[in-house]
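# how would this look folded up:
(one chain, ligands or ions: 1)
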Amino acid sequence: MIEFQRKFYKDDDLPFLWHYMLEIDSISQKPIPLTEPQNFQPLSPETLFEEKNADKLVLEIGSGKGAFLRQYAQKFPQSCILGTEWDLFCANLTARKLKKLGLKNVAVMRGDLFYFLRDLMPSNSIDEVHMYFPDPWPKRRQQKNRLILREGFLEQIYRVLKLGQKFFYWATDHEEYNILALKTFRNFPNAKILEENTAQPTAGIETGFEKKYKKEGRKIYRSIIELRVDECTNTAE
Ligand SMILES: C[S@@+](CC[C@H](N)C(=O)[O-])C[C@H]1O[C@@H](n2cnc3c(N)ncnc32)[C@H](O)[C@@H]1O
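Purely as a prediction, here's the structure:
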């Protein structure tokens, strides 16, 4: 697979909005292919936040317009939560709302979460992961975009989690993606589904899509997956 040059940078205007994006060639306006591996230094997660003394680092995958992120940050001031979102409009909107609220324990990374984890996130750094209503990519040719099923995705999640008993919180309205995602977790060493399709909204917080889908009367599948991370299996660099 062709790889492209990427860069990580802070937003010029909004505090605690970060971007991890493809470098675009100024003449061709196309992404620049990599000729040799880019050797990034893993970042220090506390540099992403204004709060420097958090007890926990929490990751939300696909934070959308930021409803869960905002409420989680307000409910748990001792935790820092990083939202990740590849849509610029959503990431900007979230960062603007967060700025208004003056929260110090939350940040947003705009870019593809998979490459952000792979290239920049240090091993053994995250306490819990939330992923709610990911894009289902229903058409056959789009299904390769389903994050949970992407080759190496769960390995990256496992690598960045801190040692011990950790949790992955998952919800979707899409039955087929749900079945495949739970199967992927079941087949992953050191993962165990603790609550299967019956979990309640985490800390009572409903996400933006959850509210919309509940109004439409759709069935929601919510699960909690335990990941037991130990030194022998976590290949920290
Ligand atoms: C259907 S929305 C759900 C938003 C929110 N979690 C909620 O429940 O309201 C899924 C979001 O995931 C984002 N997303 C999809 N793939 C992504 C990726 N690889 N990296 C970062 N964000 C991604 C999309 O842009 C979209 O905003």
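
# is the ligand within reach of the longest helix anywhere in the chain?
Criterion DSSP state H: the longest helix present in the chain is helix 88-101. Yes - contact of helix 88-101 with the ligand (C-beta under 6 Å from any ligand atom) involves Cys90. Glycine gets a C-beta too; all of them are placed from N, C-alpha and C.

# thought Glu196 was touching Ala181?
No - taking contacts as C-beta atoms under 8 Å, Glu196 lies outside contact range of Ala181: 11.2 Å.

# and these two? which has more neighbours close in?
Neighbours of Glu196 and Ala181, each counted by other C-beta atoms under 10 Å, are more numerous for Ala181; the result is 23 against 15.

# list the contacts of the more buried one.
Listed by C-beta atoms under 8 Å, 6 or more residues apart in numbering, the contact set of Ala181 reads Arg146, Ile148, Leu149, Trp170, Thr172.

# what's the helix or strand for it?
helix 175-186 (DSSP states H and E).

# pretty sure Gln78 sits against Ala54.
Yes - using C-beta under 8 Å, Gln78 makes contact with Ala54 at a distance of 6.2 Å.

# the two: who's more crowded?
More neighbours surround Ala54 than the other of Gln78 and Ala54, with 19 against 10 (other C-beta under 10 Å).

# distance of that one from Phe16?
13 Å (C-beta to C-beta, to the nearest Å).

# then Phe116?
For Phe116 relative to Phe16 (C-beta to C-beta), the value is 15 Å.

# before we move on, what about Cys80?
Counting by C-beta to C-beta - Cys80 and Phe16 are separated by 10 Å.

# just the CA atoms from stretch 10-26 would do, formatted as PDB, please.
The C-alpha coordinates for stretch 10-26 follow below in PDB (Å, rounded to 0.1, in the frame of the first residue of the first chain):
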ATOM      1  CA  LYS A  10      -1.500  22.700  16.300                       C
ATOM      2  CA  ASP A  11      -4.400  24.800  14.900                       C
ATOM      3  CA  ASP A  12      -3.600  28.500  14.300                       C
ATOM      4  CA  ASP A  13      -6.800  29.800  15.900                       C
ATOM      5  CA  LEU A  14      -8.400  27.200  18.200                       C
ATOM      6  CA  PRO A  15      -6.700  26.100  21.400                       C
ATOM      7  CA  PHE A  16      -6.400  22.300  21.800                       C
ATOM      8  CA  LEU A  17      -7.300  21.500  18.200                       C
ATOM      9  CA  TRP A  18      -4.500  19.500  16.500                       C
ATOM     10  CA  HIS A  19      -4.200  18.200  13.000                       C
ATOM     11  CA  TYR A  20      -2.600  15.100  11.600                       C
ATOM     12  CA  MET A  21      -2.900  15.500   7.900                       C
ATOM     13  CA  LEU A  22      -1.400  14.400   4.600                       C
ATOM     14  CA  GLU A  23       1.200  16.800   3.100                       C
ATOM     15  CA  ILE A  24      -0.100  18.200  -0.200                       C
ATOM     16  CA  ASP A  25       2.300  19.100  -3.000                       C
ATOM     17  CA  SER A  26       1.800  22.800  -3.700                       C
END
